[in-house]
Structures are given as C-alpha cells and as structure tokens.
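[1] build me a model:
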Amino acid sequence: MSTKRQLLPIPRPTILYALVFHVGLLWLISAGSCFAQRSDSPDEEEIFTVVEQHPEFTGGMRALGEYMTANVRYPEAARASRIEGRVFVNFIVRKDGHITDVNVLKGIGFGCDEEAIRVVSAMPNWKPGTQSGRPVNVKYNLVVRFSPSSLHDKGR
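    This next block holds a predicted model:
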C-alpha cells in the first residue's frame with residue numbers, strides 16, 4: 001500500500017500577505033541603509049544632477065562664451081601638433097555659486113585638458129541651482145572647445 005502525502009492548500013490571501021510582508025521588510029532594510037549613509041556635514045552634502053532650476057553663469061550663456069573666449073589659452077603643444085577638439089569637463093556649482101571638483105570626463109591631451117581645468121576652476125561665482133526654492137549643490141557638465149581658428153589673437 002502506498003502512502004501519498006496530501007498537501008493542504010494554502011489560502012491565497014496568506015500567500016499575498018506573506019509576499020507583501022517580505023517586500024515591505026526588504027524596503028525598510030534598504031531605506032534604512034540609505035538614511036544611515038546620509039550626512040549633514042558640509043563636506044558630504046547632497047549633490048544634485050537634476051534640479052528644478054539649473055545653475056547659471058552670471059550673465060547667461062552668452063557671457064559664459066565670452067568668458068571662455070577671453071580666458072582659454074591654446075596650449076603650445078596642441079598648436080605645434082595642430083590638435084583641435086573638445087574637452088568634456090564636469091564640476092560642482094556649490095550653494096553659494098563657487099566652482100569645485102573640476103574633472104575631465106573626456107580629454108584630447110596636449111595640454112588642453114589642463115587648460116580646461118584651469119579656466120573652469122578660475123570662473124567667477126555662478127547663480128546656484130535651486131530645488132524646492134532653496135539653493136543646492138549641482139553637478140554640471142561643460143564642453144570646452146579648442147581650435148586655433150576659434151582664437152582671435154594668434155599670440156595666445
């Protein structure tokens with residue numbers, strides 16, 4: 001005689017409640033770890049990449065173009081090698097508008113990367129980005145173009 005075990009059916013609401021409980025528990029654990037990493041110290045303030053109002057160079061994009069034209073010096077190594085192209089940089093516009101953490105995302109070398117960092121680091125304060133009506137730190141990307149024909153005076 002064979003003995004078959006008969007499984008008792010589990011009511012569907014019990015499975016649903018168990019699933020909701022486990023998903024909720026996982027959410028609490030993950031949310032707790034996120035809150036634990038948040039810091040209110042000035043060195044580790046939140047940095048936004050998307051905000052309601054983006055940071056703006058004082059005077060707007062036209063003024064930014066004029067600033068870049070007036071301050072970018074075409075590196076001698078790039079001039080000698082006839083290098084031209086774009087250097088992609090990112091930086092943080094702080095709550096007070098000053099620029100920090102300038103990095104090259106994609107460079108072209110021959111001194112152009114260093115020149116882009118120099119010019120961006122020396123920028124005057126920007127109008128900071130805002131989120132929910134308050135100024136916040138925002139990561140910003142910028143392209144710096146290097147071309148011998150784009151420089152008006154050939155001595156730079």
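[2] end to end on stretch 73-88, go ahead and measure it.
    Using Cα to Cα, to the nearest Å, the end-to-end distance of stretch 73-88 comes out at 16 Å.
[3] sorry, slip of the keys, the one I care about is stretch 123-130.
    Length of stretch 123-130, first residue to last, Cα to Cα: 20 Å.
[4] what's that stretch in contact with?
    Applying Cβ atoms under 8 Å, 6 or more residues apart in numbering, the contact partners of stretch 123-130 are 48, 51-58, 67, 93-99, 135-138. Glycine gets a C-beta too; all of them are placed from N, C-alpha and C.
[5] list buried residues within those residues.
    Using 16 or more other Cβ atoms under 10 Å as the burial test, the contacts of stretch 123-130 include 48, 51, 55-57, 67, 93-94, 97, 99, 135-138 as buried.
[6] please narrow those to those residing in strands.
    Counting by DSSP state E, the buried ones among the contacts of stretch 123-130 place F48, E56, F57, V93, I99, P135, V136, N137, V138 in strands.
[7] would you mind measuring from N125 to D96?
    7 Å (Cβ to Cβ, to the nearest Å).
[8] domain assignment for this protein?
    10-39, 42-150 (automatic domain parsing).
[9] can I get the ones you listed in TSV with mean pLDDT?
    Compiled in TSV, those are given as follows (pLDDT from 0 to 100):
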stretch	mean pLDDT
domain 10-39	44
domain 42-150	95
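[10] ranking the ones you listed by burial, who's on top?
    The highest mean neighbour count among the domains of the chain, using mean count of other Cβ atoms under 10 Å, belongs to domain 42-150: a mean of 15.
[11] what segments of the chain are helices?
    12-37, 60-71, 76-80, 112-121 (DSSP state H).
[12] what's the angle between the second one and helix 112-121?
    The directions of helix 60-71 and helix 112-121 differ by 120 degrees, with axes from the mean of the first three to the mean of the last three Cα atoms, to 10 degrees as the criterion.
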